[in-house]
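Peer 1: Build me a structure from this.
(2 chains)
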Amino acid sequence: MNINTNLKEENTYDAIVVGSGISGGWAAKELTEKGLRVLMLERGMNIEHIKDYDTAMKNPWEFKHAGNLTEDQKRTHPVQTRDYPYQEYNEKWWVNDIECPYTEDKRFDWYRGFHVGGKSLMWGRQSYRFSDHNFEDNARDGHGNDWPIRYKDIAAWYDYAERFAGISGQAENWPLLPDGQFLPPMDLNCVEKSVKERIEKHYNRTRILTIGRTANLTVPHKGRGSCQYRNLCSRGCPFGAYFSTQSSTLPAAMATNKLTVRPYSIVNHILYDKDTKKAKGVMVIDAETNETMEFYAKIVFVNGSTLGSTFILLNSTSDAHPEGLGNASGQLGHNLMDHHFRCGASGSAEGFEDKYTYGRRANGIYVPRYQNVGSDKRDYLRGFGYQGGASRNPWYEEVAELSFGGDFKDKLSLPADTWNMGLGGFGEMLPYYENKVYINHDKKDKWGQPILAIDCEYKENEKKMRIDMMNDAAEMLEASGIKNVKTYDKECYPGMAIHEMGTARMGNDPKTSVLNKWNQMHEVSNVFVTDGSCMPSIACQNPSLTFMALTARACDYAVKELNKGNI
Amino acid sequence: MDRRKAIKNIAIGLGGVLSATTIGVLVKDFVLTDAAANSTGLLTAEEAFLAEFSDVLIPTTKSSPGAKAAGVGTFIPMMIAECYPTDIQEIFKNGMKSFQEKCVTSFGKDFQALSVEERIKMVEEARKESLVDIKKPSFFILARDLSILGYFSSEIGCTQARAYLPVPGRFDGSAEYKPGQKAWAT
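Peer 2: Prediction:
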């Protein structure tokens, strides 16, 4: 490739951020606000806030297929259709699996969205802090490597992230789920209030139920509107009422006039300079034209989602880094984790026939982890939390009778007499070295790149935990007076929680980890990785808030080091 | 796992939406093959028939207009053609044809020429046949599922049969329920 000097200058920035999702958006915001000229590269299309949320204001009857997918969509999205997130309402957010294949040595559901904003547009918005218990678990039971940080290292950054993003929630003083800088909580509904009261009484507050802590605004915040209780978040919010790159970090970064966003820019690998032993930039394939080009910067933030970033690092080979950039430890691509869920219990609540809901709350309830803490001992390690909630839905019991006619129709037009209350577990998965991804050079994607192969499975610890995830839920519901309680396990495969993490873990020891305690590569000092790939363990909480805090913290460190001339 | 359990399980989850239709279960029971691709054609010619058929399932009542008025007659064939694999399309087509023929055998005239009582009698027979195995897709089950889905996602279904709030603006989880109050459309 010929690069003339002008072009080289034109393509040179202070920092490159690879990816524009939750952590990429934060990196762009923090780095530009600290004065750096930043290029943010996004492999997919541009999405403009509000304007490009095509379906956000549509009524149910304006969708041709009532939310369902066509046979054509199922054919081009064979993975994305495996679970509920990909729907007619939000179909443009989900990747065409045929164009972007990957190898499944074992079943792994890889849900991906390639566009500016990434999964910040479709995320579940549940925002929980990790506690010291979580940061210490690896060291305590010897699975995985020790986290190089503790809660005190990140607490102030959680504050910082929450204050900007806007997290609504209720303080509970629960040691395993530290409180944060909350906006007013959303309300529990009448059934949830009753269940909360009875659970906390029955277990003498060794278990609690709280409203979900969510990145939905309950009051206007930093120029963004508050939640309108439509519960249509995954279409993109025209009120800017939930945290996304578009609603929050991108406008902040753009306001500095120091950000350039380049969509359709697939980062193929990081360019390594063997003389300086640093990254000098990235090689990009233009997703529309297939042209390749190079961009240069003093620092590179890799925020391409856990497996996206890991692919880029594995694909960045050189004489100095034959197994992938910064992979002397051999840990890059290993220790892949995801939460396991889709099991729990539900039943019906009686005695609330005279109550109903007004508005559609884009949030549920949360029962934080209480297992393997204090006197609670289980026959497996770590633990789980519950998400769920109560709702009063239209009638549905007539399904089995295949009823029809005027009475049937009128009945379906009314809410059922009983409410449904469910608790679904979200369990921690241990880090296992053998759960890994690697590059498969035998197959290519639409742009001629080799593809990722994924070899990952849940093991005995997760399987044992699932039994308790069902039984504890049933027990708590029964203790709460819920009737017809039934447990369920709908089967779960890694990837389904869309919380994949761990493949470029942090650690104090360069021999056993890829990143140091600042999310900086041990071996390449100007490369930082702050998405889910950095996580040495995943706890059982939804992780995005932790990515935000770690990213802001890493940016602060990176700019200080840059200014000191250390990188 | 019995049917009711299966339905219950589908219903669970964060704000789980319960469904009066069986579609979620049915479609997952079938492995889609690459060949099961192209629409088998047909059906627009049957819109008039399907409008009348769906109107027996979801008729006009005191509270709201029925499926025919809501446009379900065009919704069903469009959905069958675009959202189902060819084997299901065939089952639908063939089942519909034999249902139509049975009307002629029983009453000597087309379904559309039957009285309301006669139509109900024929649909009730189809229902009974499908009850034998409600996991097995049939013309009746598919048409019923799609009638419910199409009706309650139509403008009439959302705004007249149920009540629709596009922008609630607030949340009250302990609101008073007045007897007879409609369910919220979503």
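Peer 1: close to chain B, is the strand or helix carrying residue A:344?
Peer 2: Using DSSP states H and E, residue A:344 maps to strand A:343-349. Yes - counting by CB under 8 Å from any CB of the partner chain, contacts between strand A:343-349 and chain B involve A:344, A:346. To be clear about C-beta, it is placed using only N, CA and C from the backbone, and glycine gets the same treatment.
Peer 1: which strands and helices sit next to that strand?
Peer 2: helix A:190-202, strand A:384-391, strand A:419-427, helix A:460-479, strand A:483-489 (3 or more CB pairs under 8 Å, 6 or more residues apart in numbering or on different chains; DSSP states H and E).
Peer 1: Could I get these in JSON lines, plus columns for mean neighbour count and distance to residue A:294?
Peer 2: Below are these laid out as JSON lines (neighbours: other CB atoms under 10 Å in any protein chain shown; distance: least, CB to CB, whole Å):
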{"stretch": "helix A:190-202", "mean neighbour count": "19", "distance to residue A:294": "54"}
{"stretch": "strand A:384-391", "mean neighbour count": "27", "distance to residue A:294": "44"}
{"stretch": "strand A:419-427", "mean neighbour count": "27", "distance to residue A:294": "42"}
{"stretch": "helix A:460-479", "mean neighbour count": "19", "distance to residue A:294": "43"}
{"stretch": "strand A:483-489", "mean neighbour count": "17", "distance to residue A:294": "49"}
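Peer 1: a markdown table for the ones you listed, including mean pLDDT?
Peer 2: Below are the helices and strands packed on strand A:343-349 laid out as a markdown table (pLDDT from 0 to 100):
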| stretch | mean pLDDT |
| --- | --- |
| helix A:190-202 | 98 |
| strand A:384-391 | 98 |
| strand A:419-427 | 98 |
| helix A:460-479 | 98 |
| strand A:483-489 | 98 |
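Peer 1: With distance to residue A:369 added, can I get those in JSON lines?
Peer 2: Shown next, in JSON lines, are these (distance: least, CB to CB, whole Å):
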{"stretch": "helix A:190-202", "distance to residue A:369": "14"}
{"stretch": "strand A:384-391", "distance to residue A:369": "5"}
{"stretch": "strand A:419-427", "distance to residue A:369": "9"}
{"stretch": "helix A:460-479", "distance to residue A:369": "11"}
{"stretch": "strand A:483-489", "distance to residue A:369": "19"}
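Peer 1: The strand holding residue A:344 to helix A:190-202, inter-axis angle?
Peer 2: Counting by axes from the mean of the first three to the mean of the last three CA atoms, to 10 degrees, strand A:343-349 points 110 degrees away from the direction of helix A:190-202.
Peer 1: Where does the prediction get shaky in the chain?
Peer 2: With no chain named, the answer covers chain A. Regions of chain A meeting the criterion pLDDT under 70 cover residues A:1-6, A:397-399.
Peer 1: my bad, the chain I had in mind was chain B
Peer 2: Within chain B, the segments meeting pLDDT under 70 span B:1-44.
Peer 1: Distance to chain B added to the helices and strands packed on strand A:343-349, as CSV?
Peer 2: Converted to CSV, the helices and strands packed on strand A:343-349 look like this (distance: least, CB to the nearest CB, whole Å):
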stretch, distance to chain B
helix A:190-202, 4
strand A:384-391, 6
strand A:419-427, 4
helix A:460-479, 10
strand A:483-489, 5
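Peer 1: Out of the ones you listed, which is closest to residue A:534?
Peer 2: strand A:419-427 (20.1 Å; CB to CB).
Peer 1: longest strand of chain A?
Peer 2: strand A:292-302 (DSSP state E).
Peer 1: residue boundaries of the helices in chain B?
Peer 2: B:3-11, B:23-28, B:47-57, B:72-83, B:86-107, B:116-131, B:139-152, B:155-156 (DSSP state H).
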